[in-house]
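S.K.: predicted coordinates and the sequence they were generated for:
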Amino acid sequence: MRRRDLLRLAGLAPLAGVAPRVARPAASLAGLDLEAIRRAPGRVVLAGGAPAPDTLKLVREWEGPFCRSRLSNTGSSAARVEQVVLFEAADGLPPDTRLYGEGFQMLSQTGGTRGEPRALGDYTDARHYRLPEPEGASVVYGMMTLSSAADVHHLTAFTSCRRFSGQFNVRGATLEGALDTEGLELRPGESWELEELTFRTGREPAALLDELAGRLARNHPPLSFPAPPSGWCSWYCFGPRVTGQQVLDNLDAIAKSVPGLKYVQIDDGYQPAMGDWLETGPAFGGDVRGVLRRIRERGFEPAIWVAPFIAEKGSHLFGSHPEWFVKDAAGAPLSADRVTFGGWRRGPWYAVDGTHPGAQEHLEGVFRTMRREWGCTYFKLDANFWGAIHGGRFHDPQATRVEAYRRGMDAVRRGAGDAFLLGCNHPIWASLGQVHGSRSSNDIKRSWSRVAGTARQNLLRNWQNGRLWWNDPDAVVLTGELSEDETRFHATAIYATGGMLLSGDDLTQVPPARLAMLRKLQPPTGVAARFEDDSLRVGTILLGDRRIACLLNWDDVPRSLSFPLPRPHRVVDLWSDEDRGRHDGVVATTVPARSGTVLVCDPVR
């Protein structure tokens with residue numbers, strides 16, 4: 001049976017064609033329900049905080065759980081609009097209501113509770129990327145869920161991101177759904193179509209997220225790619241000092257031991273300066289194209305890292321075309337560190353202006369050259385956040401940062417043609433319909449704290465995999481200081497994402513047992529595990545009649561974990577190859593501390 005047919009039987013066919021599960025309705029939580037959101041007032045906030053005149057008309061039209069809105073200027077004077085609040089509701093939620101929210105930037109996620117939201121990673125939109133936020137508010141972007149101890153779940157989300165960034169402000173006892181209109185001028189007689197909003201309540205959070213994924217895919221049709229890629233990435237073993245010989249040595253190891261790693265990715269280090277992507281750096285002896293050619297000649301796919309929206313001051317790109325960059329108020333190129341994070345290497349960076357025709361032509365040309373002349377069939381697009389930089393001025397004064405980014409990405413896609421595009425360090429909602437793959441966690445490190453942290457970040461985004469794009473849980477690393485149990489936890493969490501698989505080790509140095517584990521991880525199933533609850537301990541993957549249980553013990557002591565089987569199955573441990581025998585009903589097993597396992601369950605005929 002073909003992979004797609006298996007996924008369809010599981011109810012999770014990738015990227016198209018399957019109706020999502022329907023959430024069972026639930027009682028409202030503390031009075032918060034769809035009618036309360038519909039009745040909640042909206043308001044318009046002008047630049048500088050001035051009161052909005054009556055001539056600015058906000059119209060909200062609800063159709064079931066979806067709200068479409070527009071803002072019109074019926075007066076004779078232009079107005080600069082900073083924000084449009086689509087609803088402002090006193091939700092009455094208890095402080096212990098569990099909360100999850102996305103970030104504007106991919107690296108930012110929020111968990112915790114209504115009373116004590118907490119960042120799920122090291123990088124936050126407010127602190128690290130310095131996005132302006134309302135005073136006294138906790139802000140999430142794109143979507144949020146609120147869940148009670150009584151198993152009632154609310155989901156509110158923006159189901160489009162064509163022009164404006166949507167956010168939810170949690171402040172005191174109030175919940176706001178708002179759009180950042182960036183102080184743009186709304187001229188007399190002009191109207192803005194705003195982003196679509198949804199609010200749903202149910203007892204099955206997975207069904208609510210299925211419905212959200214379906215609506216997002218309807219508004220932003222995903223780019224099609226048949227299966228999540230498998231490959232090798234140079235960054236986590238060699239960093240920016242990678243050499244061509246190191247890549248070729250690993251190509252030999254891949255061909256000999258793990259030939260399923262189809263894409264061989266040069267991850268940074270080939271360029272002489274950030275921004276000068278078509279020039280060659282000393283790490284490759286001026287011959288990066290020769291290395292890419294060797295990859296292709298061996299029957300593998302050349303893949304490369306590019307940060308299309310940034311350049312350093314000393315780059316030829318910046319020196320030759322300063323007019324292609326986002327400007328400050330005085331009309332000079334805006335140094336990123338003045339408004340946000342300046343960049344992690346060779347900064348401060350300058351942001352390419354996706355609204356400038358010359359910059360668009362440049363972006364298209366870079367990727368067309370790399371695809372047609374260099375033979376690259378996979379691009380890791382990093383630092384994409386800077387394509388949607390705030391606090392600057394664009395060549396098109398009426399464009400938002402979402403539009404600037406999406407126009408730049410349109411140019412990238414035109415140039416890249418049929419190549420796979422992975423979004424990394426990107427504005428996540430603004431990337432809908434623009435990338436084939438989406439990084440779903442922070443960078444991996446060979447430490448337990450980072451392995452556990454990235455696993456949680458990835459698994460909370462499992463609902464996106466195969467519906468919006470293929471999730472990239474970042475590289476699997478099977479060498480270093482992790483214990484055997486911690487390595488099994490890490491590999492199990494990667495497997496449970498159902499997304500992309502990239503090896504991050506120097507494969508010339510990996511012991512045979514770990515190479516065997518790497519072979520078992522690929523090809524990816526393409527199906528993300530569904531977890532019983534937000535403890536993320538027991539997840540199930542359905543592939544036709546086969547059931548695969550992903551068991552994760554996050555604790556420092558052993559824990560007994562169990563899952564049900566609807567009829568007799570034979571159970572095999574993926575990592576150890578141990579035959580656990582025939583089981584019918586509940587399967588229970590003790591998982592060691594900081595460990596995980598994958599149990600493959602095939603029906604007994």
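M.R.: Alright, I've got the coordinates.

S.K.: so residue 466 touches residue 528, yeah?
M.R.: Yes: assessed by Cβ atoms under 8 Å, residue 466 is found in contact with residue 528 at 6.8 Å. C-beta here means a position set from N, CA and C on the backbone, and glycine is covered the same way.

S.K.: can you pull out the helices in the stretch 401-550 of the chain?
M.R.: Along the stretch 401-550 of the chain, counting by DSSP state H, counting those that start in this stretch, helices occupy 401-416, 448-459, 484-497, 512-521.

S.K.: and among those helices, the most buried is which?
M.R.: Comparing the helices of the stretch 401-550 of the chain by mean neighbour count (mean count of other Cβ atoms under 10 Å), helix 484-497 comes out on top with a mean of 24.

S.K.: so for it, what's the average pLDDT?
M.R.: Mean per-residue pLDDT for helix 484-497: 98.

S.K.: now the strands for the stretch 201-350 of the chain?
M.R.: For the stretch 201-350 of the chain, strands defined by DSSP state E, counting those that start in this stretch occupy the ranges 230-233, 263-266, 301-306, 310-312, 349-351.

S.K.: out of these, nearest to residue 140?
M.R.: Closest approach to residue 140 among these is made by strand 349-351 (24.0 Å; Cβ to Cβ).

S.K.: got the angle between whatever helix or strand comes next after that closest one and strand 301-306?
M.R.: Next helix or strand after strand 349-351 toward the C-terminus (DSSP states H and E): helix 357-372. On the basis of axes from the mean of the first three to the mean of the last three Cα atoms, to 10 degrees, helix 357-372 is oriented at 150 degrees to strand 301-306.

S.K.: could you dump helix 357-372 to CSV, C-alpha only?
M.R.: Extracted C-alpha coordinates of helix 357-372, given in CSV (Å, rounded to 0.1, in the frame of the first residue of the first chain):
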residue,chain,number,x,y,z
PRO,A,357,11.7,45.7,-7.0
GLY,A,358,15.5,45.6,-7.2
ALA,A,359,15.7,43.5,-4.1
GLN,A,360,13.0,41.2,-5.4
GLU,A,361,14.9,40.7,-8.6
HIS,A,362,18.1,40.0,-6.6
LEU,A,363,16.4,37.4,-4.4
GLU,A,364,14.9,35.6,-7.4
GLY,A,365,18.3,35.7,-9.2
VAL,A,366,20.2,34.2,-6.2
PHE,A,367,17.9,31.2,-6.0
ARG,A,368,17.5,30.7,-9.7
THR,A,369,21.3,30.6,-9.9
MET,A,370,21.6,28.1,-7.0
ARG,A,371,18.9,25.9,-8.4
ARG,A,372,19.8,25.9,-12.1
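
S.K.: show me what it packs onto, helices and strands only.
M.R.: Contacting helix 357-372 under the criterion 3 or more Cβ pairs under 8 Å, 6 or more residues apart in numbering; DSSP states H and E are the following elements: strand 301-306, helix 401-416.

S.K.: could you rerun that using 6 Å?
M.R.: When contacts are defined as 3 or more Cβ pairs under 6 Å, 6 or more residues apart in numbering; DSSP states H and E, helix 357-372 packs onto helix 401-416.

S.K.: how close does the residue lying closest to residue 490 once chain neighbours are set aside get to residue 590?
M.R.: Leaving out its chain neighbours, the residue that sits closest to residue 490 by Cβ to Cβ, 6 or more residues apart in numbering is residue 451, at 4.7 Å. Between residue 451 and residue 590 the computed distance is 21 Å (Cβ to Cβ, to the nearest Å).

S.K.: and if you look at residue 91?
M.R.: From residue 91 across to residue 590, the span is 41 Å (Cβ to Cβ).

S.K.: what do you get for residue 279?
M.R.: 56 Å.

S.K.: do the same with residue 347
M.R.: 49 Å.

S.K.: between these two, who's got more neighbours?
M.R.: Shown here are residue 347 and residue 590; by other Cβ atoms under 10 Å, residue 347 has more neighbours (16 against 11).

S.K.: and the more buried one, what pLDDT?
M.R.: pLDDT, residue 347: 93.

S.K.: likewise for residue 3?
M.R.: Residue 3 is assigned 37 on the pLDDT scale.

S.K.: same list, the helices of the stretch 401-550 of the chain, but as CSV with distance to residue 341 please.
M.R.: Listed next are these as CSV, based on distance: least, Cβ to Cβ, whole Å:
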stretch, distance to residue 341
helix 401-416, 15
helix 448-459, 19
helix 484-497, 27
helix 512-521, 33
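
S.K.: can you say which of the ones you listed is nearest to residue 264?
M.R.: Distance to residue 264, taken as Cβ to Cβ, is lowest for helix 512-521 among these, at 14.6 Å.

S.K.: can you check what angle separates the closest one from helix 484-497?
M.R.: 20 degrees.

S.K.: go ahead and confirm residue 228 touches residue 524.
M.R.: Yes: Residue 228 is in contact with residue 524 according to Cβ atoms under 6 Å; the separation is 4.5 Å.

S.K.: those two - which one has more neighbours?
M.R.: More crowded of residue 228 and residue 524, by other Cβ under 10 Å: residue 228, with 27 against 23.

S.K.: residue 597 pairs with what?
M.R.: Here residue 597 shows beta-bridge partners residue 551, assigned using DSSP bridges.

S.K.: for the stretch 101-250 of the chain, which segments count as helices?
M.R.: For the stretch 101-250 of the chain, the helices defined by DSSP H, counting those that start in this stretch cover 205-219, 235-238, 244-257.

S.K.: output the first one as PDB, restricted to C-alpha atoms.
M.R.: Presented in PDB, the C-alpha positions along helix 205-219 are these (Å, rounded to 0.1, in the frame of the first residue of the first chain):
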ATOM      1  CA  PRO A 205      -8.000  19.600  21.800                       C
ATOM      2  CA  ALA A 206      -6.600  17.500  18.900                       C
ATOM      3  CA  ALA A 207      -9.900  18.000  17.000                       C
ATOM      4  CA  LEU A 208      -9.900  21.700  17.600                       C
ATOM      5  CA  LEU A 209      -6.300  21.900  16.200                       C
ATOM      6  CA  ASP A 210      -7.300  19.700  13.300                       C
ATOM      7  CA  GLU A 211     -10.100  22.200  12.400                       C
ATOM      8  CA  LEU A 212      -7.700  25.100  12.800                       C
ATOM      9  CA  ALA A 213      -5.100  23.400  10.500                       C
ATOM     10  CA  GLY A 214      -7.900  22.800   7.900                       C
ATOM     11  CA  ARG A 215      -8.900  26.500   7.900                       C
ATOM     12  CA  LEU A 216      -5.400  27.800   7.700                       C
ATOM     13  CA  ALA A 217      -4.700  25.500   4.800                       C
ATOM     14  CA  ARG A 218      -7.800  26.700   3.100                       C
ATOM     15  CA  ASN A 219      -6.800  30.300   3.400                       C
END
